[in-house]
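> sharing a model prediction with you, sequence too.
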Amino acid sequence: MRGAEALVGSLTAAGVDVCFMNPGTSEMHFVQALDAVPEMRGVLALFEGVATGAADAYARIAGKPAAVLLHLGPGLGNGLANLHNARRAGTPLLCVVGGHATDHVRFDAPLESDITAVARTVSGWVHTSGDVRDVAADAMRALAATGERGGQVATLVLPADVSWSEGASPAPPLPAAGPFPPDPSRVAAAADAVRAPGATLLLGGPALSAAGVDAAGRIAAATGARLLVETFPRCWETGAGRTRIDKLAYFAEQAIAQLDGTSSLVLAGARSPVSFFGYPGVPGDLVPEGAAVVGLADPATDATAALESLADAVAGDAAPALAPHEAPEPAPGALDVRGLCAAVAATLPQDAIVVDEALTAAASLAMSLQTAPRHTQIALTGGAIGMGLPAAVGAAVAAPHRPVVAVQADGSALYTAQALWTMARERLDITVVLINNAAYSILRVELARTGAGEAAHSGRAGRMLDLSDPTPDFTALATGLGVPAERVTTTEGLLDALRRAQAEPGPHLVEAIVPALG
């Protein structure tokens with residue numbers, strides 16, 4: 001058996017039956033193995049950042065490791081931003097990177113590079129397979145490594161000759177690394193903290209399962225502790241019928257105000273909060289001065305089980321306060337961000353997956369979705385933009401029975417617009433709400449916050465924050481990539497367009513024209 005066939009066959013036997021990819025010459029035998037191992041579904045992306053972002057979201061929704069295939073060092077480099085987001089999310093992701101044939105490396109061919117050095121910037125485990133007889137076992141070690149530390153990227157470099165050579169055989173899967181059980185001493189310390197006045201419970205990562213959110217609601221109902229969700233959750237079960245929880249604000253000043261009065265901050269699957277950037281005169285550590293930080297469960301611990309243990313200790317039979325279903329349609333008229341977010345909430349199907357890369361509209365979207373139909377949210381965990389459209393692809397592949405709604409800012413959409421083609425090719429049930437304000441509005445806001453100056457609309461600085469002249473035509477772009485699209489300028493137009501899109505199978509894009517901020 002050839003190395004590639006043994007590798008792919010071993011992956012499918014271990015339950016990894018989807019691979020997102022943008023292959024090249026060194027990966028051709030892996031590609032050929034898709035015919036020999038029909039259990040593996042290959043999903044082609046036109047850009048490596050689409051493949052890596054899709055794999056990240058696939059794993060988040062499917063609840064199992066994802067696989068991505070990339071071409072040499074430059075291909076890995078192109079996919080790096082969304083691998084960064086996967087790393088920050090604790091996503092179990094197997095990244096297979098093709099390498100030059102072993103005896104060709106010495107020639108320093110144009111595509112030769114230090115793949116392992118690049119891989120280590122985002123990977124918790126890196127290995128180069130050196131012998132065809134070991135390649136399947138190497139893949140199984142890599143797959144097992146994706147479950148370590150609460151979930152991580154594991155990169156296996158696959159030289160072309162190891163892939164094409166014969167002499168391989170399949171390898172059995174290794175035991176998967178699971179999360180650590182709750183630490184009773186940490187549960188006891190958290191119980192003391194939440195019983196005291198001024199406690200805040202910050203949820204993140206694995207704590208945001210349905211059971212985790214429910215347990216947190218019980219704790220809050222019994223103790224009066226405040227609940228917050230990390231700014232960019234990796235996978236959050238929320239909406240009507242779930243415990244209502246606010247997100248920690250993105251802007252440091254707002255987050256500081258939210259946390260004001262906190263005497264103890266209990267962390268469940270979340271890291272201690274810090275500002276996303278350093279600002280003049282604004283503290284980078286968002287924990288109030290004098291507040292105790294109590295770690296209930298780090299990202300490698302079973303945070304849901306820890307929350308349930310804490311709820312059993314302090315909540316008795318207390319019932320969580322559940323969000324009602326209240327998502328009224330916005331008033332008709334010219335479209336703005338608030339009306340857009342209200343329209344998304346009003347038309348959201350039950351049990352949808354919402355991909356949030358709304359950026360400057362994210363705060364308004366979070367408020368609108370709190371009482372929308374029950375759904376799952378995934379967000380930009382590492383802050384590297386260009387995740388939204390690829391994530392919609394991965395989520396839809398992972399859960400083909402669930403509708404996916406991607407709320408997508410225009411500037412970051414242009415990073416990975418090629419994802420639209422994959423949506424069309426795979427006939428994925430995705431509705432993209434493209435927020436077109438013809439500007440990098442977030443940067444206009446940040447211009448003033450960093451002390452660089454007021455938001456500019458003219459001059460050389462203003463031109464760097466503006467997306468007009470020409471303004472991208474996302475309706476034409478989507479149509480050219482095979483996705484039906486329309487443009488709207490009013491709330492009633494957006495409501496009608498969303499209902500039409502969700503009534504038809506396959507992908508659709510609605511380009512919503514809104515005024516820019518700043």
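Looks like it came in fine.
> please look at P181 and D302 and confirm they touch.
Yes. P181 lies in contact with D302 (Cβ atoms under 8 Å); the separation is 5.9 Å. All C-beta spots, glycine's among them, are computed from the backbone N, C-alpha and C.
> neighbour-wise, which of the two wins?
When P181 and D302 are compared for neighbours, D302 comes out ahead with 20 against 12, by other Cβ atoms under 10 Å.
> so how far is A512 from the closest residue to G493 other than its chain neighbours?
Once flanking residues are discounted, G493 sits nearest to L335: 7.4 Å by Cβ to Cβ, 6 or more residues apart in numbering. The spacing between L335 and A512, counted by Cβ to Cβ, to the nearest Å, is 6 Å.
> intersection of neighbour lists for those two?
Jointly contacting L335 and A512 under the rule Cβ atoms under 8 Å, 6 or more residues apart in numbering are 488, 494.
> more neighbours: those two, which one.
More crowded of L335 and A512, by other Cβ under 10 Å: A512, with 31 against 22.
> might you list the low-confidence residue ranges for the stretch 351-500 of the chain?
Residues of the stretch 351-500 of the chain meeting the criterion pLDDT under 70: 453-458.
> likewise for the chain?
If you take pLDDT under 70 as the line, the chain has these spans: 453-458, 517-518.
> could you give me the buried positions within stretch 289-297?
291, 294-297 (16 or more other Cβ atoms under 10 Å).
> show me how far it is from its chain's centre.
With Cα atoms, centre = their mean, to the nearest Å as the basis, stretch 289-297 stands 26 Å off its chain's centre.
> how about stretch 121-138?
With Cα atoms, centre = their mean, you get 25 Å for stretch 121-138.
> so which residues of the stretch 51-200 of the chain form strands?
66-71, 93-99, 125-128, 153-159, 199-203 (DSSP state E, counting those that start in this stretch).
> distance to E48 added to those, as a markdown table?
Converted to a markdown table, the strands of the stretch 51-200 of the chain look like this (distance: least, Cβ to Cβ, whole Å):
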| stretch | distance to E48 |
| --- | --- |
| strand 66-71 | 5 |
| strand 93-99 | 10 |
| strand 125-128 | 17 |
| strand 153-159 | 13 |
| strand 199-203 | 32 |
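> how about a markdown table for the ones you listed, with distance to S263 and mean neighbour count added?
Formatted as a markdown table, the strands of the stretch 51-200 of the chain follow (distance: least, Cβ to Cβ, whole Å; neighbours: other Cβ atoms under 10 Å):
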| stretch | distance to S263 | mean neighbour count |
| --- | --- | --- |
| strand 66-71 | 41 | 28 |
| strand 93-99 | 38 | 27 |
| strand 125-128 | 40 | 19 |
| strand 153-159 | 37 | 25 |
| strand 199-203 | 7 | 27 |
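> among those, which is nearest G386?
Proximity to G386 (Cβ to Cβ) singles out strand 66-71 among these, at 15.2 Å.
> what helices and strands are in contact with the closest one?
strand 18-21, helix 48-62, strand 93-99 (3 or more Cβ pairs under 8 Å, 6 or more residues apart in numbering; DSSP states H and E).
> and the ones you listed, which is most packed in?
Of all those, helix 48-62 carries the top mean neighbour count, a mean of 30, counting by mean count of other Cβ atoms under 10 Å.
> quick one, that helix and strand 66-71 angle?
Per axes from the mean of the first three to the mean of the last three Cα atoms, to 10 degrees, the angle that helix 48-62 makes with strand 66-71 is 170 degrees.
> of the helices and strands packed on strand 66-71, which approaches L322 most closely?
Here helix 48-62 is closest among these (Cβ to Cβ), at 23.3 Å.
> all strands for the stretch 201-350 of the chain, in order.
Under DSSP E, counting those that start in this stretch, the stretch 201-350 of the chain gives strands at 226-229, 236-238, 246-247, 264-268, 292-297.
> residues contacting the first one, please?
In other words, strand 226-229. Counting by Cβ under 8 Å, 6+ apart, 199-204, 208, 216-217, 220, 236, 243, 245-248, 258-259, 262 sit against strand 226-229.
> can we see that at 10 Å?
Applying Cβ atoms under 10 Å, 6 or more residues apart in numbering, the contact partners of strand 226-229 are 194, 198-204, 207-208, 213, 216-217, 219-220, 236, 238, 243-249, 255, 258-259, 261-262, 265, 268, 270, 273, 320-321, 366, 377, 379.
> now restrict these to buried residues only.
Buried among the contacts of strand 226-229 by 16+ other Cβ under 10 Å: 194, 199-204, 207-208, 213, 216-217, 219-220, 236, 238, 243-245, 247-249, 255, 258-259, 262, 265, 268, 270, 273, 320, 366, 377, 379.
> what's the burial count for D35?
9.
> my guess is I435 contacts D356. True?
No. With contact defined as Cβ atoms under 10 Å, I435 does not reach D356; the gap is 11.3 Å.
> give the residues shared as contacts by those two.
Contacts common to I435 and D356, judged by Cβ under 10 Å, 6+ apart, are 365, 407-409.
> distance to A485 added to those residues, as JSON lines?
Converted to JSON lines, the shared contacts of I435 and D356 look like this (distance: Cβ to Cβ, whole Å):
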{"residue": "L365", "distance to A485": "21"}
{"residue": "V407", "distance to A485": "15"}
{"residue": "Q408", "distance to A485": "12"}
{"residue": "A409", "distance to A485": "16"}
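> between those residues, which is closest to L495?
Nearest to L495 among the shared contacts of I435 and D356, with distances taken as Cβ to Cβ, is V407, at 14.8 Å.
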